[in-house]
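Novice: using only what follows, build the 3D model:
(one chain, ligands or ions: 1)
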Amino acid sequence: MQKALQVFSSKVKFHTIHQNSYLGSLEKGCTGSDVGLRECQFCKGTQQLIRNSYTAHYWIDCACGITLHSCHLDKHGAALCDMSGRDYDEQGSQEKFRTLEACQEAHKAAFLHVINKWDSLGQ
Ligand SMILES: [Zn+2]
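Specialist: The predicted model follows:
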């Protein structure tokens with residue numbers, strides 16, 4: 001996870017779109033080898049890209065066509081990638097955060113979650 005944390009610190013940039021609303025985005029071209037991912041359990045390849053779209057939701061695309069998302073639904077239907085987004089803005093948006101700290105925390109949780117999930121596939 002050390003590599004993943006370094007990538008998180010250096011490649012995820014946080015922005016404010018208006019006062020008290022924060023988003024984060026991962027630089028394009030973040031590869032599986034940047035974060036030390038295991039080989040793909042389906043194709044055994046090592047050509048993966050990690051992506052997000054400003055929200056605290058990350059996914060891994062493999063060259064073989066599979067995609068693994070940072071969220072999954074719990075038994076009540078709640079998306080677990082939203083678990084640390086408790087500091088939502090007034091509109092109740094699940095994608096914007098009122099404080100930079102809450103935004104960073106949620107992004108870090110989602111980023112590490114998808115990497116851990118990928119690395120635990122097949123184990
Ligand atoms: Zn693959």
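Novice: residue 34 contacts residue 8, correct?
Specialist: No. Here residue 34 does not reach residue 8: they are 10.5 Å apart, not a contact under CB atoms under 8 Å. Yep, even glycine has a C-beta here, placed from its N, CA and C like the rest.
Novice: those two - which one has more neighbours?
Specialist: residue 8 (21 against 18; other CB atoms under 10 Å).
Novice: contacting residues for residue 60?
Specialist: When contacts are counted by CB atoms under 8 Å, 6 or more residues apart in numbering, residue 60 touches 32, 37, 48, 49, 50, 51, 67, 68, 114, 115, 118.
Novice: so of the residues you listed, which ones are in helices?
Specialist: Counted as lying in helices by DSSP state H, out of those, are 32, 114, 115, 118.
Novice: got CSV for the residues you listed, with neighbour count, pLDDT and distance to residue 22 too?
Specialist: Below are these laid out as CSV (neighbours: other CB atoms under 10 Å; pLDDT from 0 to 100; distance: CB to CB, whole Å):
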residue, neighbour count, pLDDT, distance to residue 22
32, 22, 97, 27
114, 25, 92, 20
115, 26, 95, 22
118, 21, 94, 26
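Novice: which single one of those is nearest to residue 56?
Specialist: For the ones in helices among the contacts of residue 60, the residue nearest residue 56 by CB to CB is residue 114; the value is 10.9 Å.
Novice: and the pLDDT at residue 13?
Specialist: Residue 13 carries a pLDDT value of 96.
Novice: for the one 4 residues further on, same thing?
Specialist: Confidence at residue 17, expressed as pLDDT, is 79.
Novice: now it: how far from the ion?
Specialist: 35 Å (CB to the ion, to the nearest Å).
Novice: wait, that residue sits on residue 23?
Specialist: Yes. The pair formed by residue 17 and residue 23 meets the contact definition of CB under 8 Å, at 6.2 Å.
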